[in-house]
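>>> Below: sequence and its predicted model.
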Amino acid sequence: MPTATEDLAATLTPLFSLDARAFVPSPIRALAPLLSDPTVLSFAAGVPNPETFPAAALSAAASRALATAPTRVLQYDVTAGYAPLREKVAARSTARGLPVAAREILLTTGSQQGLDLSSRVLLDPGDVILVEVPTYVGALGTIAARRARPVGVRRDATGIDLDHLASTVGRLRAEGTPVKALYTIPSFQNPSGLAMTKGAKDALAEACERLGLFVLEDDPYGELAFEGPGEPADPTPLASRIPGRTAYLGSFSKTLAAGLRVGWISGPAPFLAKVELAKQASDLCSSTFAAAVIDLYLAENDYDAHLSGLRGFYEARKEILLGAMRESFPADCRFTDPRGGLFTWVELRHGLDAGELLPRAVAEERVAFVPGAPFVVEGDGRRFLRMTFAKEPPEKLVEGARRLGRLFSTAAR
């Protein structure tokens, strides 16, 4: 006999839009009960470590904002967002090699909203947007909400496979399928942690120009480049090569405080005008207060020194985790060694399924990770998983790796 909830669902479902029926839950958000369980060592949550939040400085900035301009920071703002912060974002963007003016910046409620607004502006049902393999699951959820179709292109340690990109675009267009854009995370990608080289960015820009592709460049980790030995990652955004066909998405979530939910988007004027209209329809404007807090923080503190400390913090955690993985994981288990960001991407031996192993990892070893299949739109992602070195303290990183190594070694027999 149907329950009351099932009866209500049967009544309401016919009223839902086709877009709403296409919504898919985040596989990472579904792990929330595990992430909040203090008895579980978590390599799952892709969140910054609270130890890195400059809480005292942000508190002082918040108090100053309320004391000096309460009627300004507690009021609605223009849709593009708080002008003083847009000016600072534009200056920092220009210093990183992507020259923009404040009028070419629109503040968003995190870069996730920038991705959502961009998808609403670009994608119709049935359109194809190319994505890397693997790619960020939050982007796939946004694409699904537009009833568009993500199609994968291969990516290796240096960048996107341009032959595969060109052949995929050619095949789809020959079939009469509109191919609108490429979504990419060039720097310290979620989930792989890999970063494109300068040469790979240059070549990708040329390919997108030649193929007529618009680019959504998601860059929440670009300023988290590690400062250790070896060739540094290219800091210049992909958008600097092809500004006329790239939307650049940035965020303070991974570098200051995720809870403030402040990001931004820059791009060509005609595109940004449509994004502004989409944002008006979505939430009118982002939080004036949150933007003012970050603006005052940037004015009164050495943000570059903060970023340097942040890089050192995460690089040290990465070295601890990867060192423990090398000691404890089976020899046939491979994983990336990122030069920035928060993640490593793990490949288990053929025949193992990370999704099937996760319940055992939690029940037997009290360790959580994110299975890789949801990140992979084409091919078999079941033997992959994503791990973060951001959350747990050093001793738990080592212990968690030891426990997972024991599980993977047992499962491989």
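Good, I have the coordinates.
>>> how much space is there between residue 370 and residue 407?
To residue 407, residue 370 is 15 Å away according to C-beta to C-beta, to the nearest Å. Quick note: C-beta positions are derived from backbone N, CA and C, even for glycine.
>>> Also residue 236?
41 Å.
>>> can you pull the contacts of the residue lying closest to residue 406 once chain neighbours are set aside?
Computed as C-beta to C-beta, 6 or more residues apart in numbering, the closest residue to residue 406 that is not its neighbour in sequence is residue 365, at 6.9 Å. Going by C-beta atoms under 8 Å, 6 or more residues apart in numbering, residue 365 touches 403-404, 406-407.
>>> Tell me the first helix or strand C-terminal of the strand or helix carrying residue 61.
Using DSSP states H and E, the element containing residue 61 is helix 55-68. Downstream of helix 55-68, the next assigned helix or strand under DSSP H and E is helix 70-73.
>>> centre of the chain versus that following helix, how much separation?
32 Å (C-alpha atoms, centre = their mean, to the nearest Å).
>>> quick one: average pLDDT of it?
Averaged across helix 70-73, pLDDT comes to 97.
>>> Contacts for that helix next, please.
So helix 70-73 is contacted by 65-66, 288-289, 292 (C-beta under 8 Å, 6+ apart).
>>> related to what we said a few turns ago, which pLDDT value goes with the residue nearest to residue 406?
97.
>>> cool, the one 5 residues further on as well?
Residue 370 carries a pLDDT value of 96.
>>> any chance you could map the strands in the stretch 201-350 of the chain?
Under the criterion DSSP state E, counting those that start in this stretch, the stretch 201-350 of the chain carries strands at the ranges 214-218, 246-251, 263-266, 334-335, 343-347.
>>> With the stretch 1-150 of the chain instead?
41-42, 105-108, 128-133, 149-154.
>>> hey, which of those strands is tucked in deepest?
Burial of the strands of the stretch 1-150 of the chain is given as mean neighbour count (mean count of other C-beta atoms under 10 Å); strand 105-108 ranks first at a mean of 26.
>>> Do I have it right that residue 286 meets residue 262?
Yes: counting by C-beta atoms under 8 Å, residue 286 touches residue 262, with 6.9 Å between them.
>>> Just the C-alpha atoms of stretch 84-99, please, in PDB.
Only the C-alpha atoms of stretch 84-99 are listed here, as PDB (Å, rounded to 0.1, in the frame of the first residue of the first chain):
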ATOM      1  CA  PRO A  84      34.800  47.900  -4.300                       C
ATOM      2  CA  LEU A  85      35.200  44.100  -4.300                       C
ATOM      3  CA  ARG A  86      34.800  43.900  -8.000                       C
ATOM      4  CA  GLU A  87      37.600  46.500  -8.400                       C
ATOM      5  CA  LYS A  88      39.900  44.400  -6.200                       C
ATOM      6  CA  VAL A  89      39.000  41.100  -8.000                       C
ATOM      7  CA  ALA A  90      39.700  42.900 -11.400                       C
ATOM      8  CA  ALA A  91      43.100  44.100 -10.100                       C
ATOM      9  CA  ARG A  92      44.100  40.600  -8.900                       C
ATOM     10  CA  SER A  93      42.900  39.100 -12.200                       C
ATOM     11  CA  THR A  94      45.000  41.500 -14.200                       C
ATOM     12  CA  ALA A  95      48.000  40.800 -12.000                       C
ATOM     13  CA  ARG A  96      47.600  37.100 -12.800                       C
ATOM     14  CA  GLY A  97      47.600  37.700 -16.500                       C
ATOM     15  CA  LEU A  98      43.900  38.100 -17.300                       C
ATOM     16  CA  PRO A  99      43.300  41.800 -17.700                       C
END
